[in-house]
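> Provided below are the primary sequence and the corresponding predicted coordinates.
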Amino acid sequence: QQQVKQSPQSLIVQKGGISIINCAYENTAFDYFPWYQQFPGKGPALLIAIRPDVSEKKEGRFTISFNKSAKQFSLHIMDSQPGDSATYFCAASIDGFQKLVFGTGTRLLVSP
Amino acid sequence: NAGVTQTPKFQVLKTGQSMTLQCAQDMNHNSMYWYRQDPGMGLRLIYYSASEGTTDKGEVPNGYNVSRLNKREFSLRLESAAPSQTSVYFCASSERGGRDTQYFGPGTRLTVL
């Protein structure tokens, strides 16, 4: 099963709040989980990525939490800012496998 | 260093017309991809090319053809456009695929009337 399920579809957070986006997968062979960020009118760009040998990865205000047993991973944006308003995609891949499998995306709006 | 470039940025076609979307990368990447993005559907892979001279179908290849012209260029052709192909099309490249970062172009917004 190649699917990656992402929720919620859209999210509104007040400035300074925490944004949380969740993803779930079925294929236990996945071993690479990136998040891509897309601003309106632009192509997606890699934001942060994690491998399943760690449970958490933090880069600035962005944190990926990974739960291998539950086959879930999530993106947390601390102290959310209006400039974080974008669409976020989770994805999964397998080392040596050419393709990324993307979730359906979450449109985040951070209100001032 | 331009990264991934796509032409055109916008296009309007009538049903049945054909067109080719062009993509080029200057990062010496081996792998290139074509995606379409539709509301609520995320990014769906149309075709990809793991290396020069090879192409493979992705999730939604019907109605499209591709050509990996050389290492830099990967084109997507619509032979007979249909309204269902109205979408935003993204080209991407990565060094090898798998865990390598995919770099996306700015997209082509295509409308088929």
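Thanks, I have it.
> can you pull out the strands in the chain?
No chain in the question, so chain A it is. A:4-7, A:10-14, A:19-25, A:33-38, A:45-50, A:56-59, A:62-67, A:72-77, A:86-92, A:101-102, A:106-111 (DSSP state E).
> That was the other one, I meant chain B.
Counting by DSSP E, the strands of chain B are B:4-7, B:10-13, B:19-25, B:31-38, B:42-49, B:56-57, B:64-68, B:74-78, B:87-94, B:103-104, B:108-112.
> List the contacts of the residue of chain A found nearest chain B.
For chain A and chain B, the shortest gap (Cβ to the nearest Cβ) falls at A:G43, measuring 3.1 Å. C-beta here means a position set from N, CA and C on the backbone, and glycine is covered the same way. Shown in contact with A:G43 (Cβ atoms under 8 Å, 6 or more residues apart in numbering or on different chains): B:4, B:90, B:92, B:104-107.
> If we use 7 Å, what do you get?
By Cβ atoms under 7 Å, 6 or more residues apart in numbering or on different chains, the contact set of A:G43 is B:90, B:104-107.
> which residue packs closest to it, ignoring adjacent ones?
B:F104 (3.1 Å; Cβ to Cβ, 6 or more residues apart in numbering or on different chains).
> And B:P8, by the same measure?
Counting by Cβ to Cβ, 6+ apart, B:T108 is the residue found nearest to B:P8 once chain neighbours are left out, at 6.1 Å.
> Write down the beta-bridge partners of that neighbour, one by one.
B:Y89 (DSSP bridges).
> Likewise for A:K5?
Bridge pairing for A:K5 - DSSP bridges - gives A:A24.
> now it: how far from A:Y25?
Noted for A:K5: a distance of 7 Å to A:Y25, by Cβ to Cβ, to the nearest Å.
> what about these two, which has more around it?
A:Y25 (22 against 13; other Cβ atoms under 10 Å in any protein chain shown).
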